[in-house]
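Peer 1: I need the structure of the sequence given here:
(chains A and B)
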Amino acid sequence: MTFFKELRFNFMKDLGGPALMSISRKGRKRRHRAPNPHFGPALKSATRLKEIMTRHYFLSRYTEGAKPVAWVTSGAPVELLRAFDFYTIYPENHGALCGAKKLGPELCAVAEEHGYHRDLCSYARIDLGHYFSGKSPAGRLPKPDLLFASNNICQTVVYWYRALAHYWDIPLILFDTPYNFEEINDSDVSYMVQQFEEMIPVLEQVSGQPFKYRNFQEVVRIARDTSLAWGEVLATMKARPAPMSIFDAFVHLAPIVSLRGLPVALEYYQTLLKELKERVDRGTGALKDERKRLMWDNIAIWYKVRDLADLFAEQGMNFVTATYTNAWTETIRYLDDQRPMESMARVYSLVILNNNLNHRLKLMERLINEFEVDGLVIHSARSCKPYSVGQYDMKRLLMERLGVLSVIIEADITDFRVYSEEQTRTRLEAFFEAIDA
Amino acid sequence: MTQFYGPSRKRYIRQQKQTHGRHPFGVFPAHYPREILWAMNVLPVEIWDPPLEVSHANAHLQPYICSVVKLGLELILQGQCDDLDGFLFPHTCDSIQNLASIVYDYLDIKKPCYFFYHPKAPYRSSSRQYYLEQLQTLASRLEKQLGPLDLSELKQRVQQGERLAYVLRELYTLRARGELCASNTEFYRVIRQGEYLHPDDFLPILEGFLADRKGQADRLCPIILSGILPNPQEILHLLDNLEARVAEDDLLNCSRRLLQPPVAREDPFEALAENYFAMPPCTTKDSPLMERVGFLLQKAAHTDARGVIFCMVKFCEPEFFDLPQMVEELKEKGLASLVVDSELNQGLSGQLATRVEAFLEMIR
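Peer 2: Residues are numbered from 1 along each chain as shown, chains lettered A, B, ... in the order given. All right, here's what the predicted structure looks like:
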């Protein structure tokens, strides 16, 4: 790290960045969409969220030579990296951004030109497309010094990061979390704790900084409090009407994924929670007329979030819970700063996608009951096999056990070339009719 | 000819139950400690590509799931696993992982299911320790169903596994040198019997095959097969007809599971761990790409092969992710490659056959 580059980074962080963003905000012409008459008032915190995420990507351009940079998978135990002051980039979050901006097919096509098959995960193809083309709606992503992956969300991220490690010739650290076919046991936990211990010398070498246990404990505390706050944010949707929808939560998820362990994320969720509680007190809902309450399963269809939000709002149907958004708070109760390694092993290996399908079914049953859900929309995502394989049986079992109606949408998270508008509309119309019957 | 082929799977499974009291287990791909099963009088019957039409499995699995997984589930749903006493699911990929959970958690199959997690690369000292513990955990779980594991029996089975690997390595070596008189079709038909034959029966077949077929073979164009398994089988017939010899392979169900010469270990669990970590690189173990490239180049060097055919199973993520870089690296080293992308048991289309023909013409 050079002194000049560190100085430049700190200048942009404290002075240059905020000034430039303020100028850019004033100069930007706002696109005015006609407000959807079915929605309640928009969340005020959304402006702050945008600032935080824009600043995060903006500052990342100045990290080279100033801070060690790591690219991290969404389920990886980032707390360990924070203790070494890594600047973290989440390619999945970037993939979602590209998806929302409808850039998925363009970037996927670049990866496909380089031989990556169209059937592979579209987050991975977007990221590889970005690697080959440099294109990004975030301007430019910094080249990483380290790749940090955990297979607690899928094996795909390891194949994908292995490809990046090969192209860039940089170290890849894998946090290998044994899949919980049954209950987690001491041998699994001990294996994961040993891995943390083995990672530390590598992180010290790449970051050039010694491991400071107290700093690490502090990060763990912040991460735990942030995830708990995120959990409280989601829990506000138990109210009738729910003060926000899952489509809002898909957007407000960004800090818990990308900035977990940093004070800014905790502060943000405290602000959002305050606003949501006020809305609950006032009876302000995400929809003006919340007739039905739904649950979403799987990652969002990023290029359709707004369209689907409009479509369901017209029907008076609000998504009040999702297995996806819940993933960043579900296991946080295990996190303990007095036993950070062991507790982190449990937190990260017990997440929904690293757990057997019986666990998922029980979780869905609990959410359906707690959030008083009337129906379920299941996104069968081509890109995400661990999330999607088993959904057909889940649909059947939830109907048998709870009598909950559901519909499956066959789509993809970002690659809309495999999305059929007509087929989705037909299925949803049948679902609307059935749920209203 | 026929002395190198055992009975059909179904007949064999029934015979084994009746005559040896063995417990046949359905085992999904790919890496698992078969010696522990043998030592507990279990007959592992691997499920890779049963010759079935997929119908029932479509109610449980999306269209974008690979046919190894679909055919495996179809086999169960059609009631063709009724003779089996249990299942073992190694942790191979996301799809097999979730299939295991569908079978265990959602389908009331009333048969014991076992799971085996092997640590993923890059390997560290924790990986070895964990693998050992996984072996011991699997053994103790099996003991609950099948009674105590006799350690001396396990030792014997570990040695038998090593002997089996030795004969297989001999066969591979002879084939690589052009000193094995067997067609591609015949070679794979013989060695793939190891997916269900007990080693007591498989070893004599292999030894007989080795003794019988040792000799100078016709000089054919040497190539290497990579991928999951040699399916569609028509590709082997086609290569035979086009006078191409598969001189080596990098197939998951064949040489990627081939044990290397063993290091002597007193403890059979330690020996199994040593053998596992010494096995060739593999996508399902997350082996680094350059290890895989090096492995293929080594094979090309000692066989004079000038081309690699990648037999890809549609929707197989572990294999498809490595493919672009493998092809690129091999090209840089002057090795041509062809990608054959198909569903299992769907035959070889005219178009694919033409591509194989053109590829062989190019490398000859």
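Peer 1: the closest residue to residue A:334 other than its chain neighbours is in what secondary structure piece?
Peer 2: Excluding the flanking residues, the one nearest residue A:334 by C-beta to C-beta, 6 or more residues apart in numbering or on different chains is residue A:346, at 4.2 Å. Quick note: C-beta positions are derived from backbone N, CA and C, even for glycine. Using DSSP states H and E, residue A:346 maps to helix A:340-349.
Peer 1: which strands or helices does that helix pack on?
Peer 2: helix A:79-82, helix A:186-207, helix A:213-235 (3 or more C-beta pairs under 8 Å, 6 or more residues apart in numbering or on different chains; DSSP states H and E).
Peer 1: what parts of the stretch 1-150 of chain A come near chain B?
Peer 2: By the rule C-beta under 8 Å from any C-beta of the partner chain, the part of the stretch 1-150 of chain A lying against chain B is A:114-117, A:119-121, A:124.
Peer 1: report the buried members of those residues.
Peer 2: The neighbour-count test (16 or more other C-beta atoms under 10 Å in any protein chain shown) marks A:116-117, A:119-121, A:124 as buried among those.
Peer 1: quick one on the thing from earlier: residues in contact with the residue nearest to residue A:334?
Peer 2: Listed by C-beta atoms under 8 Å, 6 or more residues apart in numbering or on different chains, the contact set of residue A:346 reads A:184, A:189, A:331, A:334.
Peer 1: right, and residue B:114 touches residue B:143 too?
Peer 2: No - taking C-beta atoms under 8 Å as the definition, residue B:114 is not a contact partner of residue B:143, at 11.5 Å.
Peer 1: more neighbours, these two?
Peer 2: residue B:114 (22 against 12; other C-beta atoms under 10 Å in any protein chain shown).
Peer 1: just give the nearest non-adjacent residue to residue B:189, would you?
Peer 2: Residue B:189 sits nearest to residue B:5 (C-beta to C-beta, 6+ apart), 7.1 Å away.
Peer 1: ok, the one you found - contacts?
Peer 2: B:189-190, B:193, B:205.
Peer 1: any idea of the pLDDT on it?
Peer 2: Residue B:5 carries a pLDDT value of 93.
Peer 1: can you pull the contacts of residue A:359?
Peer 2: A:180, A:352.
Peer 1: and it, that's in a helix?
Peer 2: Yes - judged by DSSP: H, G, I helix; E, B strand; the rest coil, residue A:359 forms part of a helix.
Peer 1: any low-confidence regions in the stretch 201-350 of chain B?
Peer 2: The model of the stretch 201-350 of chain B has no residue with pLDDT under 70.
Peer 1: what residues does it put near chain A?
Peer 2: B:283, B:286, B:288-290, B:314-315, B:317-318, B:320-325, B:327-328, B:341.
Peer 1: mind checking which of those are in strands?
Peer 2: residue B:341 (DSSP state E).
Peer 1: for chain A, which segments count as strands?
Peer 2: A:69-72, A:87-89, A:146-150, A:172-175, A:292-297, A:317-322, A:375-381, A:405-411.
Peer 1: I'd like the ones you listed as a markdown table, with mean pLDDT appended.
Peer 2: Compiled in a markdown table, the strands of chain A are given as follows (pLDDT from 0 to 100):
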| stretch | mean pLDDT |
| --- | --- |
| strand A:69-72 | 98 |
| strand A:87-89 | 97 |
| strand A:146-150 | 98 |
| strand A:172-175 | 98 |
| strand A:292-297 | 98 |
| strand A:317-322 | 98 |
| strand A:375-381 | 98 |
| strand A:405-411 | 98 |
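Peer 1: neighbours around residue 97, how many?
Peer 2: Since no chain was named, I'll use chain A. Using other C-beta under 10 Å, residue A:97 has 20 neighbouring residues.
Peer 1: chain B, not that one
Peer 2: 26.
Peer 1: got the contact list for it?
Peer 2: A:155, A:179, A:386, B:89, B:91.
Peer 1: how close does the closest residue to chain B within chain A sit to residue A:417?
Peer 2: Closest to chain B within chain A is residue A:115: 3.0 Å, counting by C-beta to the nearest C-beta. Separation of residue A:115 from residue A:417 (C-beta to C-beta, to the nearest Å): 18 Å.
Peer 1: ok, residue B:60 next?
Peer 2: Residue B:60 is 26 Å from residue A:417, by C-beta to C-beta.
Peer 1: these two: who's more crowded?
Peer 2: Comparing residue B:60 with residue A:417 by other C-beta under 10 Å, the one with more neighbours is residue B:60, at 23 against 11.
Peer 1: nearest residue to that one in space, please, no chain neighbours.
Peer 2: In space, residue B:60 is closest to residue A:392, 5.4 Å off (C-beta to C-beta, 6+ apart).
Peer 1: output the below-cut-off pLDDT ranges for chain A.
Peer 2: Residue ranges of chain A with pLDDT under 70: A:1, A:24-25, A:27-33.
Peer 1: chain neighbours aside, what residue packs nearest to the residue of chain A closest to chain B?
Peer 2: Nearest one to residue A:115, counting by C-beta to C-beta, 6+ apart, is residue B:324 at 3.0 Å.
Peer 1: from residue B:358, how far out is the one you found?
Peer 2: 21 Å.
Peer 1: okay, the two: which has more neighbours?
Peer 2: Each of residue B:324 and residue B:358 has its neighbours counted (other C-beta under 10 Å); residue B:324 has more, 19 against 10.
Peer 1: residue A:416 against residue A:302, yeah?
Peer 2: No - counting by C-beta under 8 Å, residue A:416 stays clear of residue A:302, with 9.1 Å between them.
Peer 1: which of those two has more neighbours?
Peer 2: residue A:302 (24 against 19).
Peer 1: how about that one: what's its closest non-neighbour residue?
Peer 2: residue A:99 (3.0 Å).
Peer 1: that neighbour reaches residue A:413, doesn't it?
Peer 2: Yes - taking contact to mean C-beta under 8 Å, the distance of 6.1 Å between residue A:99 and residue A:413 places them in contact.
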